[in-house]
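What follows is a predicted protein model with its sequence.
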2 protein chains.
Amino acid sequence: MITKEMTSAVSNLLVLSVLKKGPGYGYMIQREIKHQSEGLMDWTEGMLYPVLHRLEKQDMVEARWGVAENGRKRKYYYIKEEGREYLATGIDAWYAVSDVLIGMNEDE
Amino acid sequence: MITKEMTSAVSNLLVLSVLKKGPGYGYMIQREIKHQSEGLMDWTEGMLYPVLHRLEKQDMVEARWGVAENGRKRKYYYIKEEGREYLATGIDAWYAVSDVLIGMNEDE
DNA sequence: TGTATATACCTTGTATTGTTAGGTATAAGA
DNA sequence: TCTTATACCTAACAATACAAGGTATATACA
């Protein structure tokens, strides 16, 4: 029961987490997140592409059209320094929120 | 740097976490969350009250007008069984998402 | 050859919701 | 008296997940 709000909260972070390890393109990122989450997070394209476009507009990633081995066109995304910083601070923030949630629920 | 999306993702859970320990009213819930988060989460009223009204409409809490010791009117909220269940599954989901995020960032 | 599936990109409309900015009212303290 | 804290509320705006649509090419299979 991953709420859409939780999805929203981590979408940027998960995409950047993928790109941190190397360039990626939309379809590949979608499958990678699905794989890494063991099917828990299976984003629609209407979810994925706007995220990528937003990250690009915010200068966290850079997009370049490229060609795959099979000749198919692909838009590759590369993480930028700002993206790395955003990811690092975002993960810290996630931990901070987690701590609050856990702290308020551990003592019965 | 808690994003608004993260706030959105835990707002229900934090309010229910407070009410799990006993009845509460708006202003008290707001301060309690601010206190428990050490100031990290300081919600505006325009944020808090819609959350409470939503939880009520979704039958996760019950609201009853009451009177404080000083004679001031207060709207007290009581968690319902559905609220407890939502909280439990919500926390599980939060852990699951956390695991994915951590898993994608631990191996360098 | 035809066709279904996987790959690969995109946008638009709808509903939800955080934020900002307002409003009302009472109790306590200076 | 006046300010601050307490205590509730709503409306307008902007951001965004999701559903549903669109286009196009490569591959596998009948």
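Noted; the coordinates are in hand.

Only C-alpha atoms from now on, for both contacts and neighbour counts.
Fine.

Where do the helices of chain A begin and end?
Taking DSSP state H to define them, one finds helices in chain A at A:4-19, A:26-36, A:45-57, A:81-106.

Excluding its own residues, what touches the shortest one? List them.
Think helix A:26-36. Counting by CA atoms under 8 Å, 6 or more residues apart in numbering or on different chains, helix A:26-36 makes contact with A:14-15, A:18, A:40-43, A:48-49, A:52, A:75-76, B:100, B:103-104, all of which sit outside it.

Apply 6 Å and report the result again.
Contacts with helix A:26-36, where a contact means CA atoms under 6 Å, 6 or more residues apart in numbering or on different chains, come from A:Met41, A:Asp42.

could you check whether it is close to DNA strand C?
Yes. Helix A:26-36 comes into contact with DNA strand C (CA under 7 Å from any atom of the strand), by way of A:Gly26, A:Tyr27, A:Met28.

Do you know the pLDDT at the first one?
I take that to be A:Gly26. At A:Gly26 the predicted local confidence, pLDDT, stands at 95.

Now for it, how many residues are close by?
The number of residues packed near A:Gly26 is 18, by other CA atoms under 10 Å in any protein chain shown.

Can you confirm whether stretch A:67-82 lies near DNA strand D?
Yes. Stretch A:67-82 is in contact with DNA strand D by CA under 7 Å from any atom of the strand, via A:Asn70, A:Gly71, A:Arg72.

Let me have the residues you listed in TSV, adding pLDDT, neighbour count and distance to A:Thr7 as columns.
Conversion of the residues of stretch A:67-82 next to DNA strand D to TSV gives the following (pLDDT from 0 to 100; neighbours: other CA atoms under 10 Å in any protein chain shown; distance: CA to CA, whole Å):
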residue	pLDDT	neighbour count	distance to A:Thr7
A:Asn70	82	6	33
A:Gly71	82	8	33
A:Arg72	87	8	30
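
Which ones among those also lie next to DNA strand C?
A:Arg72.

Format the residues of stretch A:67-82 next to DNA strand D as CSV; extra columns: distance to chain B.
Putting these into CSV (distance: CA to the nearest CA, whole Å) gives the following:
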residue, distance to chain B
A:Asn70, 28
A:Gly71, 30
A:Arg72, 28
